[in-house]
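Participant: Next one to model:
(one chain, ligands or ions: 2)
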Amino acid sequence: MHTQVCIIGGGPSGLLLSQLLHREGIETVVLERRSRDHVLGRIRAGVLEWGTVDLLRAAGVGERMDAEGFVHDGTLLAAQNRTIRIDFRRLTGKSVMVYGQTEVTADLYAARDAAGGCVIHGAEDVALHDLDGDGAHVTYRRDGQEHRIACDFVAGCDGFHGVSRQAIPASVRREFERVYPFGWLGVLSRTAPVEDELIYANHERGFALCSMRNARLARYYVQVPLSDKVEDWSDDAFWTELKRRIPAEAADRLETGPTIEKSIAPLRSFVCEPMRWGRLFLAGDAAHIVPPTGAKGLNLAASDIFYLWHALRDHYRDGDAAGLEGYSARALARVWKSERFSWSMTNLLHRFPDQGDFGQRMQESELDYLESSEAAQTALAENYVGLPY
Ligand code: APR
Ligand code: PHB
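Facilitator: Numbering: from 1, shown residues only. Ligands and ions are numbered 1, 2, ... in the order given. Alright, predicted model coming up:
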(Lines give C-alpha, C1' and ligand atoms only; values in the text may rest on other atoms or scores of the structure.)
(Ligands and ions follow the chains in the order given, each with its own letter.)
Protein backbone atom coordinates (compact mmCIF):
# COMPACT_ATOMS: atom_id res chain seq x y z
CA MET A 1 0.00 0.00 0.00
CA HIS A 2 1.17 3.58 -0.69
CA THR A 3 -0.18 6.91 0.53
CA GLN A 4 1.08 10.45 0.39
CA VAL A 5 0.94 11.15 4.14
CA CYS A 6 0.75 8.38 6.74
CA ILE A 7 -0.68 9.81 9.97
CA ILE A 8 0.07 8.01 13.23
CA GLY A 9 -2.71 8.68 15.76
CA GLY A 10 -6.47 9.15 15.40
CA GLY A 11 -6.89 11.85 18.05
CA PRO A 12 -7.72 15.49 17.30
CA SER A 13 -4.34 16.24 15.69
CA GLY A 14 -4.30 13.28 13.33
CA LEU A 15 -7.94 13.57 12.34
CA LEU A 16 -7.78 17.32 11.75
CA LEU A 17 -4.69 16.98 9.56
CA SER A 18 -6.30 14.13 7.62
CA GLN A 19 -9.45 16.18 7.04
CA LEU A 20 -7.59 19.34 5.96
CA LEU A 21 -5.31 17.41 3.58
CA HIS A 22 -8.31 15.57 2.14
CA ARG A 23 -9.82 18.95 1.19
CA GLU A 24 -6.56 19.67 -0.68
CA GLY A 25 -6.80 16.37 -2.55
CA ILE A 26 -3.88 14.97 -0.59
CA GLU A 27 -4.22 11.28 0.29
CA THR A 28 -3.74 10.12 3.88
CA VAL A 29 -4.05 6.97 5.97
CA VAL A 30 -4.61 7.31 9.74
CA LEU A 31 -3.27 4.51 11.95
CA GLU A 32 -4.93 4.49 15.40
CA ARG A 33 -3.96 1.97 18.07
CA ARG A 34 -7.21 2.08 20.05
CA SER A 35 -10.84 1.57 19.11
CA ARG A 36 -12.96 4.54 18.10
CA ASP A 37 -15.11 4.11 21.23
CA HIS A 38 -11.99 4.30 23.37
CA VAL A 39 -10.80 7.46 21.64
CA LEU A 40 -14.23 9.06 21.98
CA GLY A 41 -14.45 8.03 25.61
CA ARG A 42 -11.65 10.37 26.63
CA ILE A 43 -12.70 13.41 28.68
CA ARG A 44 -10.55 16.41 27.79
CA ALA A 45 -10.60 20.22 28.13
CA GLY A 46 -13.13 22.22 26.18
CA VAL A 47 -11.82 25.74 25.53
CA LEU A 48 -11.07 26.58 21.88
CA GLU A 49 -9.00 29.59 20.83
CA TRP A 50 -10.58 31.52 17.99
CA GLY A 51 -7.79 30.34 15.70
CA THR A 52 -8.87 26.79 16.45
CA VAL A 53 -12.50 27.71 15.78
CA ASP A 54 -11.56 29.16 12.38
CA LEU A 55 -9.43 26.10 11.55
CA LEU A 56 -12.25 23.68 12.40
CA ARG A 57 -14.59 25.71 10.20
CA ALA A 58 -11.97 25.63 7.39
CA ALA A 59 -11.89 21.84 7.80
CA GLY A 60 -15.67 21.73 7.33
CA VAL A 61 -16.38 20.54 10.88
CA GLY A 62 -17.61 23.75 12.51
CA GLU A 63 -21.39 23.30 12.13
CA ARG A 64 -22.17 21.50 15.43
CA MET A 65 -19.56 23.59 17.28
CA ASP A 66 -21.26 26.80 16.08
CA ALA A 67 -24.68 25.41 17.03
CA GLU A 68 -23.82 23.89 20.43
CA GLY A 69 -20.67 25.70 21.58
CA PHE A 70 -20.67 28.61 24.00
CA VAL A 71 -18.88 31.83 23.06
CA HIS A 72 -17.14 33.22 26.15
CA ASP A 73 -16.04 36.88 26.18
CA GLY A 74 -14.12 36.58 29.44
CA THR A 75 -13.06 34.46 32.39
CA LEU A 76 -12.94 34.90 36.17
CA LEU A 77 -9.91 34.65 38.45
CA ALA A 78 -10.86 34.26 42.13
CA ALA A 79 -8.57 34.63 45.14
CA GLN A 80 -8.59 35.97 48.71
CA ASN A 81 -12.34 36.71 48.55
CA ARG A 82 -12.07 38.78 45.38
CA THR A 83 -12.95 37.98 41.79
CA ILE A 84 -11.17 39.53 38.81
CA ARG A 85 -12.89 39.34 35.45
CA ILE A 86 -10.57 39.26 32.42
CA ASP A 87 -12.63 40.76 29.61
CA PHE A 88 -11.24 39.08 26.48
CA ARG A 89 -13.60 40.84 24.09
CA ARG A 90 -12.87 44.38 25.35
CA LEU A 91 -9.14 43.84 25.78
CA THR A 92 -8.36 41.85 22.62
CA GLY A 93 -11.44 42.01 20.39
CA LYS A 94 -11.55 38.20 20.54
CA SER A 95 -13.46 35.50 22.42
CA VAL A 96 -13.05 31.77 23.04
CA MET A 97 -15.46 28.93 22.28
CA VAL A 98 -16.34 26.40 24.98
CA TYR A 99 -16.97 23.10 23.17
CA GLY A 100 -15.71 19.75 24.45
CA GLN A 101 -12.69 18.15 22.79
CA THR A 102 -14.64 14.89 22.71
CA GLU A 103 -17.20 16.64 20.50
CA VAL A 104 -14.44 18.05 18.27
CA THR A 105 -13.04 14.53 17.86
CA ALA A 106 -16.49 13.08 17.14
CA ASP A 107 -17.13 15.78 14.52
CA LEU A 108 -13.78 14.99 12.88
CA TYR A 109 -14.51 11.25 12.80
CA ALA A 110 -17.91 11.96 11.24
CA ALA A 111 -16.29 14.13 8.58
CA ARG A 112 -13.66 11.51 7.76
CA ASP A 113 -16.37 8.87 7.50
CA ALA A 114 -18.48 11.08 5.23
CA ALA A 115 -15.47 11.64 2.96
CA GLY A 116 -14.56 7.96 2.90
CA GLY A 117 -11.36 8.69 4.80
CA CYS A 118 -9.07 5.79 5.70
CA VAL A 119 -8.80 5.52 9.51
CA ILE A 120 -7.48 2.14 10.64
CA HIS A 121 -8.25 1.24 14.27
CA GLY A 122 -6.50 -1.53 16.15
CA ALA A 123 -3.17 -0.78 14.46
CA GLU A 124 -0.61 -2.44 16.70
CA ASP A 125 3.19 -2.24 16.81
CA VAL A 126 3.34 0.73 14.48
CA ALA A 127 6.94 1.32 13.41
CA LEU A 128 8.47 4.06 11.28
CA HIS A 129 11.23 3.24 8.79
CA ASP A 130 13.75 5.04 6.55
CA LEU A 131 12.53 8.48 7.59
CA ASP A 132 15.74 10.15 6.44
CA GLY A 133 15.87 8.27 3.15
CA ASP A 134 13.73 7.98 0.03
CA GLY A 135 11.97 4.82 1.12
CA ALA A 136 9.97 6.08 4.07
CA HIS A 137 7.41 3.53 5.17
CA VAL A 138 5.35 2.47 8.16
CA THR A 139 4.66 -1.08 9.32
CA TYR A 140 1.97 -2.25 11.71
CA ARG A 141 0.11 -5.37 12.76
CA ARG A 142 -3.65 -5.80 12.80
CA ASP A 143 -5.64 -8.94 13.52
CA GLY A 144 -2.39 -10.86 13.43
CA GLN A 145 -1.53 -9.64 9.94
CA GLU A 146 1.59 -7.58 9.20
CA HIS A 147 1.05 -4.51 7.00
CA ARG A 148 3.35 -2.03 5.22
CA ILE A 149 2.50 1.45 4.02
CA ALA A 150 4.97 3.28 1.80
CA CYS A 151 4.53 7.04 2.05
CA ASP A 152 6.01 10.39 1.11
CA PHE A 153 5.71 11.75 4.66
CA VAL A 154 4.78 10.59 8.17
CA ALA A 155 2.81 12.83 10.56
CA GLY A 156 3.48 11.81 14.16
CA CYS A 157 0.18 12.67 15.85
CA ASP A 158 0.30 9.82 18.35
CA GLY A 159 0.38 11.80 21.58
CA PHE A 160 2.81 11.89 24.49
CA HIS A 161 3.05 8.10 24.78
CA GLY A 162 3.30 7.41 21.06
CA VAL A 163 6.18 5.97 19.03
CA SER A 164 6.79 8.84 16.61
CA ARG A 165 8.86 11.08 18.87
CA GLN A 166 11.11 8.13 19.68
CA ALA A 167 11.84 7.75 15.95
CA ILE A 168 13.93 10.92 16.14
CA PRO A 169 17.45 9.76 17.06
CA ALA A 170 18.33 10.45 20.70
CA SER A 171 21.46 12.22 19.47
CA VAL A 172 19.24 14.69 17.60
CA ARG A 173 16.29 14.96 20.01
CA ARG A 174 16.33 17.48 22.88
CA GLU A 175 13.56 17.25 25.50
CA PHE A 176 12.52 19.84 28.07
CA GLU A 177 10.26 18.89 30.98
CA ARG A 178 8.73 20.22 34.18
CA VAL A 179 6.60 17.81 36.23
CA TYR A 180 4.35 19.58 38.76
CA PRO A 181 4.07 18.32 42.37
CA PHE A 182 0.29 17.93 42.26
CA GLY A 183 -2.54 16.70 40.04
CA TRP A 184 -6.08 17.74 39.06
CA LEU A 185 -9.02 15.72 40.34
CA GLY A 186 -11.75 16.33 37.76
CA VAL A 187 -15.46 15.45 37.77
CA LEU A 188 -18.35 15.69 35.34
CA SER A 189 -21.87 16.10 36.71
CA ARG A 190 -25.25 16.51 35.02
CA THR A 191 -25.83 19.79 36.84
CA ALA A 192 -26.08 23.42 35.82
CA PRO A 193 -22.64 25.09 35.65
CA VAL A 194 -22.17 27.35 38.66
CA GLU A 195 -21.24 30.37 36.52
CA ASP A 196 -21.70 31.53 32.93
CA GLU A 197 -17.92 31.85 32.53
CA LEU A 198 -15.02 29.76 33.85
CA ILE A 199 -13.77 30.41 37.39
CA TYR A 200 -10.04 29.81 38.03
CA ALA A 201 -9.62 29.89 41.83
CA ASN A 202 -6.40 30.39 43.80
CA HIS A 203 -6.99 29.24 47.38
CA GLU A 204 -4.72 28.43 50.31
CA ARG A 205 -6.10 24.87 50.20
CA GLY A 206 -5.24 24.60 46.51
CA PHE A 207 -6.44 25.44 43.01
CA ALA A 208 -9.99 24.87 41.77
CA LEU A 209 -11.62 25.36 38.37
CA CYS A 210 -15.29 25.62 37.47
CA SER A 211 -16.01 24.86 33.81
CA MET A 212 -18.77 23.34 31.72
CA ARG A 213 -19.70 21.30 28.62
CA ASN A 214 -23.30 22.51 28.22
CA ALA A 215 -26.20 23.97 30.24
CA ARG A 216 -26.69 20.65 32.04
CA LEU A 217 -23.17 19.27 32.11
CA ALA A 218 -20.67 20.89 34.47
CA ARG A 219 -16.92 20.17 34.71
CA TYR A 220 -15.03 20.89 37.94
CA TYR A 221 -11.46 20.35 39.13
CA VAL A 222 -9.58 20.63 42.44
CA GLN A 223 -5.82 20.41 42.88
CA VAL A 224 -4.83 17.28 44.81
CA PRO A 225 -1.53 15.75 46.00
CA LEU A 226 0.02 13.28 43.55
CA SER A 227 -0.41 10.61 46.23
CA ASP A 228 -4.22 10.87 46.09
CA LYS A 229 -6.28 8.17 44.38
CA VAL A 230 -9.73 8.63 42.84
CA GLU A 231 -11.16 6.16 45.36
CA ASP A 232 -9.99 8.50 48.15
CA TRP A 233 -12.60 11.03 47.00
CA SER A 234 -16.33 10.47 47.53
CA ASP A 235 -18.69 12.80 45.67
CA ASP A 236 -19.55 14.53 48.95
CA ALA A 237 -15.87 15.05 49.76
CA PHE A 238 -15.32 16.57 46.32
CA TRP A 239 -18.27 19.00 46.52
CA THR A 240 -17.29 20.02 50.06
CA GLU A 241 -13.71 20.77 48.99
CA LEU A 242 -14.76 22.62 45.85
CA LYS A 243 -17.11 24.85 47.86
CA ARG A 244 -14.25 25.73 50.22
CA ARG A 245 -12.04 26.92 47.37
CA ILE A 246 -14.41 28.94 45.15
CA PRO A 247 -15.97 32.34 45.96
CA ALA A 248 -18.67 32.15 48.66
CA GLU A 249 -21.47 33.37 46.41
CA ALA A 250 -20.61 30.67 43.87
CA ALA A 251 -20.37 28.02 46.60
CA ASP A 252 -23.78 29.04 47.90
CA ARG A 253 -25.47 28.47 44.53
CA LEU A 254 -23.42 25.46 43.43
CA GLU A 255 -25.69 22.67 42.20
CA THR A 256 -24.19 19.36 43.27
CA GLY A 257 -25.14 15.88 42.16
CA PRO A 258 -23.76 12.43 41.36
CA THR A 259 -20.54 12.57 39.38
CA ILE A 260 -20.61 10.68 36.06
CA GLU A 261 -16.86 10.82 35.60
CA LYS A 262 -14.07 11.23 38.13
CA SER A 263 -10.33 11.07 37.39
CA ILE A 264 -6.99 12.44 38.49
CA ALA A 265 -4.57 13.81 35.88
CA PRO A 266 -0.92 14.75 36.48
CA LEU A 267 0.41 18.11 35.28
CA ARG A 268 3.45 18.37 33.08
CA SER A 269 5.19 20.85 30.78
CA PHE A 270 7.11 19.13 27.99
CA VAL A 271 8.65 20.07 24.66
CA CYS A 272 10.58 17.98 22.13
CA GLU A 273 12.95 19.73 19.75
CA PRO A 274 13.07 19.43 16.79
CA MET A 275 9.52 18.61 15.65
CA ARG A 276 10.81 17.20 12.37
CA TRP A 277 13.21 14.44 11.39
CA GLY A 278 13.57 13.79 7.66
CA ARG A 279 10.11 12.85 6.40
CA LEU A 280 8.62 12.70 9.93
CA PHE A 281 6.71 15.72 11.29
CA LEU A 282 5.50 15.72 14.90
CA ALA A 283 2.29 17.55 15.86
CA GLY A 284 0.23 17.95 19.02
CA ASP A 285 0.90 16.00 22.20
CA ALA A 286 3.51 13.88 20.39
CA ALA A 287 5.75 16.96 20.50
CA HIS A 288 4.59 18.94 23.53
CA ILE A 289 2.47 18.85 26.67
CA VAL A 290 1.14 21.79 28.68
CA PRO A 291 -0.50 21.86 32.13
CA PRO A 292 -4.25 22.37 31.51
CA THR A 293 -4.30 25.66 33.46
CA GLY A 294 -4.04 27.67 30.26
CA ALA A 295 -6.39 25.43 28.22
CA LYS A 296 -3.71 25.19 25.50
CA GLY A 297 -3.42 21.45 24.76
CA LEU A 298 -5.83 21.15 21.85
CA ASN A 299 -5.13 24.71 20.72
CA LEU A 300 -1.39 24.08 20.36
CA ALA A 301 -2.18 20.92 18.39
CA ALA A 302 -4.35 23.08 16.13
CA SER A 303 -1.59 25.57 15.32
CA ASP A 304 0.85 22.72 14.60
CA ILE A 305 -1.69 21.25 12.20
CA PHE A 306 -2.30 24.64 10.59
CA TYR A 307 1.43 24.98 9.81
CA LEU A 308 1.76 21.36 8.61
CA TRP A 309 -1.38 21.60 6.45
CA HIS A 310 -0.02 24.65 4.62
CA ALA A 311 3.48 23.17 4.32
CA LEU A 312 2.19 19.94 2.73
CA ARG A 313 -0.24 21.81 0.50
CA ASP A 314 2.59 24.07 -0.76
CA HIS A 315 4.77 21.02 -1.37
CA TYR A 316 2.23 19.04 -3.37
CA ARG A 317 0.51 21.94 -5.12
CA ASP A 318 3.42 24.30 -5.80
CA GLY A 319 6.53 22.14 -5.36
CA ASP A 320 7.50 24.61 -2.64
CA ALA A 321 9.39 22.94 0.25
CA ALA A 322 9.86 26.11 2.34
CA GLY A 323 6.97 25.30 4.66
CA LEU A 324 8.27 21.80 5.34
CA GLU A 325 11.79 23.08 5.89
CA GLY A 326 10.54 25.78 8.26
CA TYR A 327 7.86 23.75 10.02
CA SER A 328 9.73 22.83 13.20
CA ALA A 329 11.08 26.32 13.92
CA ARG A 330 7.72 27.96 13.14
CA ALA A 331 5.71 25.55 15.28
CA LEU A 332 8.16 25.65 18.18
CA ALA A 333 8.09 29.46 18.27
CA ARG A 334 4.38 29.35 19.11
CA VAL A 335 4.70 26.22 21.28
CA TRP A 336 7.19 27.90 23.64
CA LYS A 337 4.99 30.99 24.05
CA SER A 338 2.05 28.77 25.03
CA GLU A 339 4.29 26.70 27.31
CA ARG A 340 5.33 29.89 29.08
CA PHE A 341 1.73 31.06 29.49
CA SER A 342 0.53 27.68 30.77
CA TRP A 343 3.48 27.48 33.18
CA SER A 344 2.87 31.02 34.44
CA MET A 345 -0.86 30.41 34.99
CA THR A 346 -0.02 27.20 36.87
CA ASN A 347 2.48 29.03 39.08
CA LEU A 348 0.01 31.84 39.74
CA LEU A 349 -2.96 29.70 40.73
CA HIS A 350 -1.69 26.56 42.49
CA ARG A 351 -0.41 25.90 46.00
CA PHE A 352 3.13 24.55 45.74
CA PRO A 353 4.42 22.42 48.66
CA ASP A 354 7.60 24.48 48.96
CA GLN A 355 6.27 27.93 48.10
CA GLY A 356 6.42 29.32 51.64
CA ASP A 357 5.25 32.75 52.77
CA PHE A 358 7.32 34.58 50.15
CA GLY A 359 5.82 32.52 47.36
CA GLN A 360 2.35 33.19 48.76
CA ARG A 361 3.03 36.93 48.65
CA MET A 362 4.30 36.67 45.06
CA GLN A 363 0.99 35.10 44.02
CA GLU A 364 -1.04 37.67 45.92
CA SER A 365 0.95 40.59 44.49
CA GLU A 366 0.58 39.27 40.93
CA LEU A 367 -3.17 39.00 41.45
CA ASP A 368 -3.15 42.54 42.88
CA TYR A 369 -1.30 43.70 39.76
CA LEU A 370 -3.78 41.90 37.50
CA GLU A 371 -6.69 43.47 39.37
CA SER A 372 -5.26 46.98 39.00
CA SER A 373 -3.57 46.93 35.59
CA GLU A 374 -5.26 46.90 32.21
CA ALA A 375 -1.87 46.12 30.66
CA ALA A 376 -1.51 43.02 32.84
CA GLN A 377 -5.05 41.90 32.04
CA THR A 378 -4.46 42.46 28.32
CA ALA A 379 -1.31 40.35 28.42
CA LEU A 380 -3.19 37.49 30.07
CA ALA A 381 -6.17 37.89 27.74
CA GLU A 382 -4.15 37.84 24.50
CA ASN A 383 -2.39 34.67 25.57
CA TYR A 384 -5.61 33.00 26.70
CA VAL A 385 -7.59 33.76 23.49
CA GLY A 386 -4.57 32.64 21.47
CA LEU A 387 -1.52 34.37 20.04
CA PRO A 388 -1.47 34.78 16.24
CA TYR A 389 -0.42 31.78 14.13
N1 APR B 1 0.14 3.71 17.24
C2 APR B 1 -1.05 4.22 16.82
N3 APR B 1 -1.76 5.14 17.52
C4 APR B 1 -1.21 5.57 18.69
C5 APR B 1 0.02 5.09 19.18
C6 APR B 1 0.71 4.13 18.40
N7 APR B 1 1.88 3.64 18.81
N8 APR B 1 0.28 5.71 20.38
C9 APR B 1 -0.76 6.54 20.61
N10 APR B 1 -1.65 6.46 19.62
C11 APR B 1 -2.93 7.18 19.49
C12 APR B 1 -3.68 7.32 20.80
O13 APR B 1 -4.51 6.19 21.04
C14 APR B 1 -4.48 8.59 20.56
O15 APR B 1 -5.78 8.31 20.05
O16 APR B 1 -2.62 8.50 19.10
C17 APR B 1 -3.69 9.37 19.53
C18 APR B 1 -3.07 10.64 20.11
O19 APR B 1 -4.15 11.51 20.48
P20 APR B 1 -3.97 12.57 21.69
O21 APR B 1 -3.20 11.93 22.79
O22 APR B 1 -5.34 13.11 22.00
O23 APR B 1 -3.06 13.72 21.09
P24 APR B 1 -3.43 14.80 19.98
O25 APR B 1 -4.23 14.21 18.87
O26 APR B 1 -2.16 15.50 19.70
O27 APR B 1 -4.43 15.81 20.73
C28 APR B 1 -3.93 16.74 21.65
O29 APR B 1 -5.31 15.79 23.30
O30 APR B 1 -4.29 14.99 25.21
C31 APR B 1 -5.05 16.00 24.71
O32 APR B 1 -4.61 17.92 26.01
C33 APR B 1 -4.32 17.28 24.80
O34 APR B 1 -6.06 18.55 24.02
C35 APR B 1 -4.82 18.00 23.64
C36 APR B 1 -5.06 16.99 22.59
C1 PHB C 1 -12.31 22.00 30.93
O2 PHB C 1 -13.43 22.48 30.67
O3 PHB C 1 -12.11 20.77 31.06
C4 PHB C 1 -11.14 22.95 31.11
C5 PHB C 1 -11.33 24.30 30.85
C6 PHB C 1 -10.26 25.18 31.01
C7 PHB C 1 -9.03 24.69 31.44
C8 PHB C 1 -8.85 23.32 31.69
C9 PHB C 1 -9.91 22.45 31.53
O10 PHB C 1 -7.99 25.57 31.61
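
Participant: Ala265 and Thr293 touch, don't they?
Facilitator: No: the pair Ala265 / Thr293 is not scored as a contact, 11.7 Å apart, by Cβ atoms under 8 Å. Glycine gets a C-beta too; all of them are placed from N, C-alpha and C.

Participant: Pick out whichever of the two has more residues nearby.
Facilitator: Counted by other Cβ atoms under 10 Å, Ala265 and Thr293 do not tie: Thr293 has more neighbours, with 24 against 14.

Participant: so that one touches Glu339, yeah?
Facilitator: No: look at Thr293 against Glu339 with Cβ under 8 Å: they stay out of range, at 11.6 Å.

Participant: Ligand 2 contacts on the stretch 1-150 of the chain?
Facilitator: Contacts of the stretch 1-150 of the chain with ligand 2, taken as Cβ under 6 Å from any ligand atom, map to Ala45, Gly46, Val47.

Participant: With the stretch 201-350 of the chain instead?
Facilitator: So the stretch 201-350 of the chain meets ligand 2 at Leu209, Ser211, Arg219, Pro292, Thr293, Ala295 (Cβ under 6 Å from any ligand atom).

Participant: Spatially nearest residue to the first one (excluding sequence neighbours)?
Facilitator: In space, not counting the residues next to it along the chain, Leu209 is nearest to Tyr221; the distance is 4.3 Å by Cβ to Cβ, 6 or more residues apart in numbering.

Participant: so that neighbour makes contact with Tyr200?
Facilitator: No: the pair Tyr221 / Tyr200 is not scored as a contact, 9.8 Å apart, by Cβ under 8 Å.

Participant: who touches both of these two?
Facilitator: Phe207, Leu209 (Cβ atoms under 8 Å, 6 or more residues apart in numbering).

Participant: Would you map the helices across the stretch 201-350 of the chain?
Facilitator: When secondary structure is read from DSSP state H, counting those that start in this stretch, the stretch 201-350 of the chain shows helices at 235-245, 248-253, 297-318, 322-349.

Participant: Comparing the ones you listed, which stretch has the densest surroundings?
Facilitator: Per-stretch averages of neighbours, counted by mean count of other Cβ atoms under 10 Å, single out helix 297-318 among the helices of the stretch 201-350 of the chain, with a mean of 22.

Participant: Quick one: work out the angle between that helix and helix 322-349.
Facilitator: Per axes from the mean of the first three to the mean of the last three Cα atoms, to 10 degrees, the angle that helix 297-318 makes with helix 322-349 is 170 degrees.

Participant: Helix 297-318 packs against which elements?
Facilitator: helix 12-22, strand 47-48, helix 50-58, strand 280-282, helix 322-349 (3 or more Cβ pairs under 8 Å, 6 or more residues apart in numbering; DSSP states H and E).

Participant: Any idea how far it is from the middle of the chain?
Facilitator: On the basis of Cα atoms, centre = their mean, to the nearest Å, helix 297-318 sits 16 Å off its chain's mean C-alpha point.
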